[in-house]
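>>> please find the sequence and the predicted model below.
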Amino acid sequence: MLRPLPHPVTPFANETLDSYRHRLAAANQTEFRTMRNPSRWLQCPLNELERLEVLSGQPRTTLLWALPELRRHAPDVVAPPEVFIFNTRAACDLCSERSGNNGQPIQVYLRGLHDNVCIRHRRWLSCGRANVFEQIDLSHAPEVVRAQRRLDRLERRHGTFALGTTYRHCERFWREIDRRALVHGDRDSVLARIYRPDSKTLPDRFDLIRSQRFHRAANYPQVARFTKMIISLAQRPKTERKAAHLTGTTQIEAEQVFHLDHRPRGITLPWLRNGLVGLVEVVADLTHDGEPEETSS
């Protein structure tokens, strides 16, 4: 017979099922195996949701809203995620402390590659630890936090799948822009405020690896603005988009939003022009709302 464990643990928002099981087992000083199957000899007839409801003592709705993996057992209560994303990351350290966590690490699901910042505590979360004990503090870079808010609004408008896929394409394209040093000023300004290596210590051979994480955070505001701009261009009628591509207006509008540090030369110029055209058309397919292409969306 299943009985509630003596020490309840509140699940964290969007937490993975195994993360919650590990925390519940640690709080009650029992084996992780017990969370999956309480008996070594008898197969429990209850499904994962029913079993965890009894063991944790938490209401069913609390478990369903916090643990996305359980929603398939009660889709009539809480609908399963639109798209189930298997990428995970550590939860915000400060959010974990406020939730009364017992010190166990909390793993949560990402909504997509655009889900990177804890807005409440201004922390960079994805690949964002300056060291194993600290996440990147964004208190001196409010534009990074504003970028997350901008992407959240786009997600509510276009859906998790469309925005997540669009952001992935845009971030990949922006990495190439960054590699070619076309737009560096804004990134360097943010980087100087969030990454300050100690000049009094010896050089760290892992410093470059860590700085790459900071580079991604520093590029985040530009990538968010770039994503919004591409979606805006992509949602125009098809005939208007094609005319803009043929006349070079697509590239001109992009350069009006993002002032280039230098004029593209050699193969960079056709790469930029053709890359923007291709990106706009890919995003048009993702964000098209079903209305006729010839009408404004």
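Good, I have the coordinates.
>>> where exactly do the helices run in this structure?
17-27, 32-36, 48-56, 60-66, 93-98, 142-158, 160-179, 185-194, 207-234, 238-247, 249-257, 268-287 (DSSP state H).
>>> between these, which one is nearest to H73?
Set against H73 and scored by CB to CB, the helices of the chain come closest in helix 48-56, at 4.0 Å. Yep, even glycine has a C-beta here, placed from its N, CA and C like the rest.
>>> please work out which residues outside the closest one touch it.
With contact meaning CB atoms under 8 Å, 6 or more residues apart in numbering, helix 48-56 is reached by 2-5, 8-9, 11, 17, 20-21, 24, 35, 38, 44, 46, 58-60, 63-64, 69-70, 73-74.
>>> what's the least confident stretch among the helices of the chain?
With a mean of 72, helix 32-36 has the lowest mean pLDDT of the helices of the chain.
>>> how far does it sit from its chain's centre?
The chain centroid and the centroid of helix 32-36 are separated by 30 Å, computed with CA atoms, centre = their mean, to the nearest Å.
>>> and that helix, what does it pack onto?
With contacts taken as 3 or more CB pairs under 8 Å, 6 or more residues apart in numbering; DSSP states H and E, helix 32-36 sits against helix 17-27.
>>> now the helix it packs on, how far from the centre of its chain.
Per CA atoms, centre = their mean, the centroid offset for helix 17-27 relative to its chain is 23 Å.
>>> tabulate the helices of the chain (TSV), appending mean neighbour count and distance to L113.
Converted to TSV, these look like this (neighbours: other CB atoms under 10 Å; distance: least, CB to CB, whole Å):
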stretch	mean neighbour count	distance to L113
helix 17-27	20	20
helix 32-36	15	30
helix 48-56	20	28
helix 60-66	17	22
helix 93-98	15	20
helix 142-158	18	10
helix 160-179	19	5
helix 185-194	16	18
helix 207-234	20	10
helix 238-247	14	25
helix 249-257	15	21
helix 268-287	17	14
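>>> okay if I get those as JSON lines plus distance to I119?
As requested, the helices of the chain are exported to JSON lines (distance: least, CB to CB, whole Å):
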{"stretch": "helix 17-27", "distance to I119": "21"}
{"stretch": "helix 32-36", "distance to I119": "32"}
{"stretch": "helix 48-56", "distance to I119": "28"}
{"stretch": "helix 60-66", "distance to I119": "19"}
{"stretch": "helix 93-98", "distance to I119": "11"}
{"stretch": "helix 142-158", "distance to I119": "6"}
{"stretch": "helix 160-179", "distance to I119": "16"}
{"stretch": "helix 185-194", "distance to I119": "16"}
{"stretch": "helix 207-234", "distance to I119": "13"}
{"stretch": "helix 238-247", "distance to I119": "33"}
{"stretch": "helix 249-257", "distance to I119": "24"}
{"stretch": "helix 268-287", "distance to I119": "24"}
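>>> good, we can wrap up now.
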